[in-house]
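Trainee: following is a predicted model, sequence given first.
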Amino acid sequence: MWFRVCYREESEHTREVAMTPQEMIRALARHVRAAVLPHLGTWRARRVTGVASSGDATFDIDEIAEKAVAEFLREQGCNVACYSEDRGLVRVFPDREPEGLLIIDPIDGTRGAVAGFEACVVSVAWADYTPSPTLRDVRYAGITEIKGNLTFSAERGGGVQIEDDTGRLIAPAPAPTQDIEIMAWSHEVVGAPMDLLFRALAPMANRTTVKGGCFILNSSAYELTRLVTGQLAGVVDVRTRLLRDYPRTRPLFETYGGGRLIGLYGYDVAGAALIAREAGCVLTDAWGRDLSDWDLLDTTEANFGSLIAASNPALHARLLEAVNAGFAELVL
């Protein structure tokens with residue numbers, strides 16, 4: 001698929017060029033990165049400005065990123081529909097049938113961004129334009145590090161590519177780790193009762209603290225790309241399993257979510273899931289079920305998701321076994 005956009009050069013001249021969806025995704029992600037990078041770790045970035053549709057807090061730096069997305073799509077004349085957490089679904093050209101759907105998280109890892117840490121990325125996925133797109137409808141993905149210099153991209157069935165700012169290609173290198181004891185991994189805690197999460201995950205986490213590593217990074221897209229680089233071997237988000245398996249925890253989730261429930265949504269991992277899978281990683285929900293039917297745009301509680309991701313099938317099987325054991329031993 002090709003479409004024509006007006007590309008604005010530094011000389012202020014414009015020229016019409018043909019771009020593939022993949023090229024457009026990478027260009028968009030890098031445009032947002034350029035807008036956001038100067039604000040990482042600044043006082044302005046830390047200002048809380050509202051609440052997103054997910055119930056999560058939004059920061060001033062999120063608004064900067066959203067404006068950069070709108071600016072790019074408008075100036076480049078991209079005939080797409082665009083979905084983001086803050087603005088919902090918008091058609092760039094309302095009078096035309098969109099050529100595709102962009103699912104954009106302008107900053108995945110906002111808390112890392114406001115602190116000036118590396119764990120934040122721009123995530124863009126291109127899906128078929130359908131009334132209820134799911135994870136199986138994602139065709140292309142691009143993720144650009146904000147503080148780093150890597151861009152990850154993938155095409156469904158076409159593999160994954162990593163390149164730095166100079167255009168140098170870097171080979172994907174998922175970790176061959178199969179033993180939990182030497183696994184570096186991350187897990188999510190936002191809006192959840194951490195004491196209960198830690199109790200469920202402690203049998204697994206305790207085995208990794210010496211020879212492996214256990215991290216809280218609060219950016220699902222960043223974490224999944226670390227599976228591709230080999231920096232992590234596992235990514236776990238069992239918040240929704242805790243809420244579903246133990247409904248009595250609901251008041252705690254509401255309390256720690258600031259009065260609302262916060263969970264993992266399909267749009268959070270729309271791009272990163274394709275990139276990780278094309279690199280050979282294995283992803284399921286926290287019960288071991290397939291993620292293909294996960295709705296990308298539904299922000300209701302019914303669409304809360306979960307995640308167990310690993311760099312290889314053997315490790316994924318062991319992670320699922322460990323999570324099942326941890327929940328079996330959890331007594332409230």
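Mentor: Cool, the structure landed. Numbers count the residues shown, from 1 in each chain.
Trainee: low-confidence stretches in the stretch 1-150 of the chain?
Mentor: In the predicted model of the stretch 1-150 of the chain, residues 1-18, 42-59 satisfy pLDDT under 70.
Trainee: hang on, residue 236 in a strand?
Mentor: Yes - residue state for residue 236 (DSSP: H, G, I helix; E, B strand; the rest coil) corresponds to a strand.
Trainee: tell me how many other residues crowd the closest residue to it other than its chain neighbours.
Mentor: Leaving aside its sequence neighbours, residue 236 sits nearest to residue 187 (C-beta to C-beta, 6 or more residues apart in numbering; 4.4 Å). All C-beta spots, glycine's among them, are computed from the backbone N, C-alpha and C. Counted with other C-beta atoms under 10 Å, residues neighbouring residue 187 total 24.
Trainee: residue 187 contacts residue 217, correct?
Mentor: No - between residue 187 and residue 217 there is no contact under C-beta atoms under 8 Å: 9.1 Å.
Trainee: residue contacts, residue 181?
Mentor: Going by C-beta atoms under 8 Å, 6 or more residues apart in numbering, residue 181 touches 207, 208, 211, 212.
Trainee: and those, which two are the farthest apart?
Mentor: Within the contacts of residue 181, two members stand farthest from each other by C-beta to C-beta: 207 and 211, at 8.6 Å.
Trainee: neighbour count winner among the two?
Mentor: residue 207 (17 against 12).
Trainee: what helix or strand is the more buried one located in?
Mentor: Using DSSP states H and E, residue 207 sits within no helix or strand.
Trainee: separation between it and residue 179?
Mentor: Distance, residue 207 to residue 179, by C-beta to C-beta, to the nearest Å: 9 Å.
Trainee: before we move on, what about residue 253?
Mentor: 33 Å.
Trainee: comparing the two, which residue is more hemmed in?
Mentor: residue 253 (22 against 14).
Trainee: I'd guessed the more buried one sits against residue 261; true?
Mentor: Yes - between residue 253 and residue 261 a contact is recorded at 5.3 Å, counting by C-beta under 8 Å.
Trainee: what backbone torsions are found at residue 263?
Mentor: phi -140, psi -170 (degrees, to the nearest 10).
Trainee: need the pLDDT of the residue lying closest to it once chain neighbours are set aside.
Mentor: Excluding its sequence neighbours, the residue lying closest to residue 263 (C-beta to C-beta, 6+ apart) is residue 304, at 3.4 Å. In this model, residue 304 is scored at 97, pLDDT.
Trainee: just give me the neighbour total for residue 304.
Mentor: A count of neighbours around residue 304, defined by other C-beta under 10 Å, yields 21.
Trainee: so it sits against residue 264, correct?
Mentor: Yes - with contact defined as C-beta under 8 Å, residue 304 and residue 264 form a contacting pair (6.6 Å).
Trainee: identify the contacts common to those two.
Mentor: The contact sets of residue 304 and residue 264 overlap at 239, 240 (C-beta under 8 Å, 6+ apart).
Trainee: sec struct for the residue nearest to the spatial centre of the chain, please.
Mentor: With distances taken as C-alpha atoms, centre = their mean, residue 221 lies nearest the centre of the chain, 2.9 Å away. Secondary structure for residue 221, judged by three-state DSSP, is helix.
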